[in-house]
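>>> need a 3D model of the following:
(2 chains)
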Amino acid sequence: SQKIEQNSEALNIQEGKTATLTCNYTNYSPAYLQWYRQDPGRGPVFLLLIRENEKEKRKERLKVTFDTTLKQSLFHITASQPADSATYLCALALSGGYNKLIFGAGTRLAVHP
Amino acid sequence: ETGVTQSPTHLIKTRGQQVTLRCSSQSGHNTVSWYQQALGQGPQFIFQYYREEENGRGNFPPRFSGLQFPNYSSELNVNALELDDSALYLCASSLGQVNTEAFFGQGTRLTVV
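Numbering: from 1, shown residues only, chains lettered A, B, ... in the order given. The predicted model follows:
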């Protein structure tokens, strides 16, 4: 069956450390993958997009890797801050005629001072 | 802020009733998608509209229907409400049908009693 999995348990880290979140998928062939941030009671906010032919993407303190052989994406936040505390969602986009995103359940990140 | 606005923000309906949710897209975006997010889950794709035509649909029954208007704003209609329809409904606009990031509104929290 098709699945997209993110760590269901919350990730707790100390301020200043690097947070690493994992997204694994099975039986999908995504054209690209996106990461979103969601705060409680709010809509997701787009962070980064990485295509199937790209290995790594960076934006300021954020880095995403995409391994289509392992069927895995890693999302890193370096020099984490308490303001980074939120739920982070991984979303797959399949090739096709429309922009359907398939989301994981998200991982809650808590950065402690 | 993404420029995507949804109304109302909260709504309580009785089982069997009908509901209409509204979305105003970000300026210049011609594609709108609707998602349902249950508590603790990732958003699930309902359907997408491109230039006033539905061009993609997820696993939702026909009582979930939509419209997109010439100004690219959109409505989601749900008939014969069920208790399981209680969720956060998210609208996302994007420029183009495929391979682009989605800009989400803040969502409408629907409670069916």
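
>>> surely B:L81 meets B:L11?
No. At 10.3 Å, B:L81 does not count as touching B:L11 under the criterion of CB atoms under 8 Å. The way it works is simple: take the backbone N, C-alpha and C, and place the C-beta from them, glycine included.

>>> got the residues of chain B near chain A?
Applying CB under 8 Å from any CB of the partner chain, one finds that chain B approaches chain A through B:2, B:4, B:31, B:33, B:35, B:40-45, B:48, B:50, B:55-56, B:58, B:90, B:92, B:94, B:96-107, B:109.

>>> list residues touching both of B:L81 and B:L11?
The contact sets of B:L81 and B:L11 overlap at B:V19 (CB atoms under 8 Å, 6 or more residues apart in numbering or on different chains).

>>> filter the residues of chain B next to chain A down to the buried ones.
For those, a burial check counting by 16 or more other CB atoms under 10 Å in any protein chain shown picks out B:2, B:4, B:31, B:33, B:35, B:42-45, B:48, B:50, B:55-56, B:58, B:90, B:92, B:94, B:97-98, B:100-107, B:109.

>>> mind checking the SS state of B:G42?
On the three-state scheme (DSSP: H, G, I helix; E, B strand; the rest coil), B:G42 is labelled coil.

>>> what's the distance between it and A:Q38?
Taking CB to CB, to the nearest Å as the measure, B:G42 falls 9 Å from A:Q38.

>>> quick one: low-confidence ranges for the chain?
I went with chain A, as the question did not name one. A:96-98 (pLDDT under 70).

>>> wrong one, I was asking about chain B
Residue ranges of chain B with pLDDT under 70: B:1-2, B:97-99.

>>> hey, where'd the strands end up in it?
B:5-7, B:10-13, B:19-24, B:31-37, B:44-50, B:53-57, B:64-68, B:74-78, B:87-94, B:103-104, B:108-112 (DSSP state E).

>>> ok, back up a step: of B:L81 and B:L11, who's got more company?
A side-by-side neighbour count of B:L81 and B:L11, using other CB atoms under 10 Å in any protein chain shown, places B:L81 first with 19 against 15.
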